[in-house]
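**Q** structure for this input, please:
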Amino acid sequence: MAKSFKSKSIKHLSNIFIVEDHPVFREGLRQVVNREADLKVCGEAGDYEVALRGITRLHPDLALVDISLPGKSGLDLIRKLRSLANKVKLLIVSMHDEALYADRVLRAGGDGYIMKQEDPEEIVHAIRDVLGGHIYVSEEVMEARVNGDGAKSKPNGKNRLLDQLTDTELEILELLGRGKSQQQVSKQLRLGAGAVASHRTRIRKKLKLRNEEALTRYAAGWVGADR
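**A** Down below sits the predicted model:
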């Protein structure tokens, strides 16, 4: 169960914009939101460009944003909106491990992070908390931020090396750690095989790993820690 600061009651109808490239999950989020009397979906997008135009035009109160989008990522969208001084509340709803991404989301200007596998009731709770002006993350991430530790510690003492990875590189590392093949990574992130291969090479160099076998072992051990 995630934990947040005490929320304020929402006394007006709040408009929600959904940014999610998977139609089935987007439909599920739409149903979760629209069944609440004080929430309404005002727009949707399946990629960065459409989302940026829609949010800029419709001025929603909050946007639910996935990290993995075709082309530029949800993190790129957060940074762009904040660079435009757009004050929309931004809640990440993602399949990716919160411990790996929540701190990056908050540093980019996001307002919260919740995993896709959470119950619909918890997603609604997160939406209302963020609308109330509060940060929504898990107890573990909140405690780490309060203590100044950043994201959850991983073994090998290489957190400072991991910090050198770009958001895309970190996403690829996690997918490799979950046993995804290069072809599966390419399909999921909408990247060409050559681009994925280049990212893998940069990841390996930044983490000071000798070869691809070492990269695979590192990714699996890193993602598998504390599970």
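**Q** any idea how far residue 215 is from residue 44?
**A** From residue 44 across to residue 215, the span is 37 Å (Cβ to Cβ, to the nearest Å). Bear in mind the C-beta positions are built from the backbone N, C-alpha and C, glycine included.
**Q** that should have said residue 73, apologies.
**A** 21 Å.
**Q** what's the answer for residue 79, then?
**A** 27 Å.
**Q** one more: residue 133?
**A** 42 Å.
**Q** okay, these two: which has more neighbours?
**A** Taking other Cβ atoms under 10 Å, residue 133 and residue 215 do not tie; residue 215 has more neighbours (19 against 11).
**Q** the helix or strand where that one lies: which residues count as buried?
**A** Element membership for residue 215, per DSSP states H and E: helix 212-224. Within helix 212-224, the residues that count as buried by 16 or more other Cβ atoms under 10 Å are 215, 218, 219, 222, 223.
**Q** the residue most central in space within the chain in helix, strand or coil?
**A** Central residue of the chain (Cα atoms, centre = their mean): residue 67, 4.0 Å from the mean position. At residue 67 the chain is in coil, as set by DSSP: H, G, I helix; E, B strand; the rest coil.
**Q** check which helix or strand covers the residue located most distally from the centre of the chain.
**A** Most distant residue from the mean C-alpha position of the chain: residue 210, 29.7 Å away (Cα atoms, centre = their mean). Residue 210 belongs to no helix or strand when assigned by DSSP H and E.
**Q** mind starting the numbering at 4 from now?
**A** With 4 as the first residue, the last one maps to residue 213.
**Q** contact partners for it?
**A** Taking Cβ atoms under 8 Å, 6 or more residues apart in numbering, we find residue 213 in contact with no residue.
**Q** domain ranges for the protein?
**A** 6-149, 158-227 (automatic domain parsing).
**Q** what distance separates the first one from the centre of its chain?
**A** For domain 6-149, the distance between its averaged C-alpha position and the chain's averaged C-alpha position is 9 Å (Cα atoms, centre = their mean, to the nearest Å).
**Q** for the record, mean pLDDT for that domain?
**A** In this model, domain 6-149 has a mean pLDDT of 90.
**Q** same question for the shortest one.
**A** With pLDDT averaged residue by residue, domain 158-227 scores 86.
**Q** for that domain, what is the distance to the chain centroid?
**A** Counting by Cα atoms, centre = their mean, domain 158-227 comes out at 17 Å from the chain centroid.
**Q** how about the strands in the chain?
**A** Here the chain has its strands, by DSSP state E, at 6-7, 17-22, 42-48, 65-68, 92-97, 115-118, 139-140.
**Q** done for today, thanks.
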